[in-house]
Every structure is written in structure tokens, then in C-alpha cells.
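Novice: The sequence and its predicted three-dimensional model are supplied below.
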Amino acid sequence: MCRRENRHGSVIPAPPSVPVRALTAELLNRRTMAGAEVDEVIAAAVAAKSIGDEHQRRAAWKRIEQSAASFADLCVVGNRAAGCAIASAIGVKMG
């Protein structure tokens with residue numbers, strides 16, 4: 001089973017469908033594979049999945065930051081001091 005570490009350093013298993021699907025595709029193409037080739041396919045599949053997961057995480061975080069900034073902008077319209085306090089509390093820098 002493929003394993004990877006989460007953000008806390010704990011080892012968690014990778015979803016089994018990721019390496020299984022990659023191996024299936026490669027075996028259909030090559031017909032035979034040595035042990036080292038199997039390991040390479042698994043490593044590449046898990047790495048690609050990890051990169052995709054990281055891209056999704058960063059995109060989600062960017063949406064959260066944009067939402068926080070727009071919320072802070074709404075607060076500024078009525079009361080600049082209150083808006084700056086809210087923005088500061090959520091980590092949005094305002095000019």
C-alpha cells in the first residue's frame with residue numbers, strides 16, 4: 001500500500017484507486033512490468049495526486065482570502081475604523 005505524510009507528520013495511506021488506476025493503464029500499454037517499473041508508476045501516480053491536491057488546497061485558500069477581503073471592504077463602507085479592525089482580525093492588510 002502507498003503511504004504519505006499528512007501536514008502533522010503522521011503517515012496516512014494514499015487512496016488505493018490512484019496507484020491501481022495508474023498501474024492498470026500502464027499494464028494495458030506495456031503488457032509486462034518489472035518490480036522497479038511498478039514502483040516508478042506508483043510513485044509517479046501518488047506524486048501527481050499530491051500535486052493536484054495541493055493545487056486544489058491553494059485555490060480554496062485563495063478563494064477564502066478573496067472572500068475575507070471583500071467582507072472587509074463591505075465593512076469599510078459604513079465605518080472605516082470598524083472595517084480596519086475586522087480586516088486586521090482576519091489577516092487582511094488594508095491601505
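Specialist: Alright, I've got the coordinates. Numbers count the residues shown, from 1 in each chain.
Novice: Quick one: mean pLDDT over the host helix or strand of Ser50.
Specialist: In this assignment (DSSP states H and E), Ser50 forms part of helix 35-78. Mean pLDDT, computed over helix 35-78, is 84.
Novice: just checking, what packs against that helix?
Specialist: Helices and strands touching helix 35-78, by 3 or more CB pairs under 8 Å, 6 or more residues apart in numbering; DSSP states H and E, are helix 17-30, helix 80-89. Yep, even glycine has a C-beta here, placed from its N, CA and C like the rest.
Novice: What's the local residue count around the closest residue to Leu23 other than its chain neighbours?
Specialist: Excluding its sequence neighbours, the residue lying closest to Leu23 (CB to CB, 6 or more residues apart in numbering) is Val41, at 5.6 Å. Neighbour count of Val41, defined by other CB atoms under 10 Å: 19.
Novice: next one: Phe71
Specialist: Close neighbours of Phe71, defined as other CB under 10 Å, add up to 15.
Novice: How much space separates it from Glu65?
Specialist: Noted for Phe71: a distance of 11 Å to Glu65, by CB to CB, to the nearest Å.
Novice: Leu27 now?
Specialist: Taking CB to CB as the measure, Leu27 and Glu65 are separated by 43 Å.
Novice: now do Pro16
Specialist: Distance, Pro16 to Glu65, by CB to CB: 34 Å.
Novice: Give me the more crowded residue out of these two.
Specialist: Taking neighbours as other CB under 10 Å, Pro16 and Glu65 compare with Glu65 leading, 13 against 10.
Novice: ok, of the helices and strands packed on helix 35-78, where does mean pLDDT dip lowest?
Specialist: Mean pLDDT is lowest for helix 80-89 out of these, coming in at a mean of 63.
Novice: a helix runs through Met33, doesn't it?
Specialist: No. Met33: not assigned to a helix; according to DSSP: H, G, I helix; E, B strand; the rest coil it is coil.
Novice: Backbone dihedrals for it, please?
Specialist: Dihedral pair for Met33: phi -150, psi 140, per degrees, to the nearest 10.
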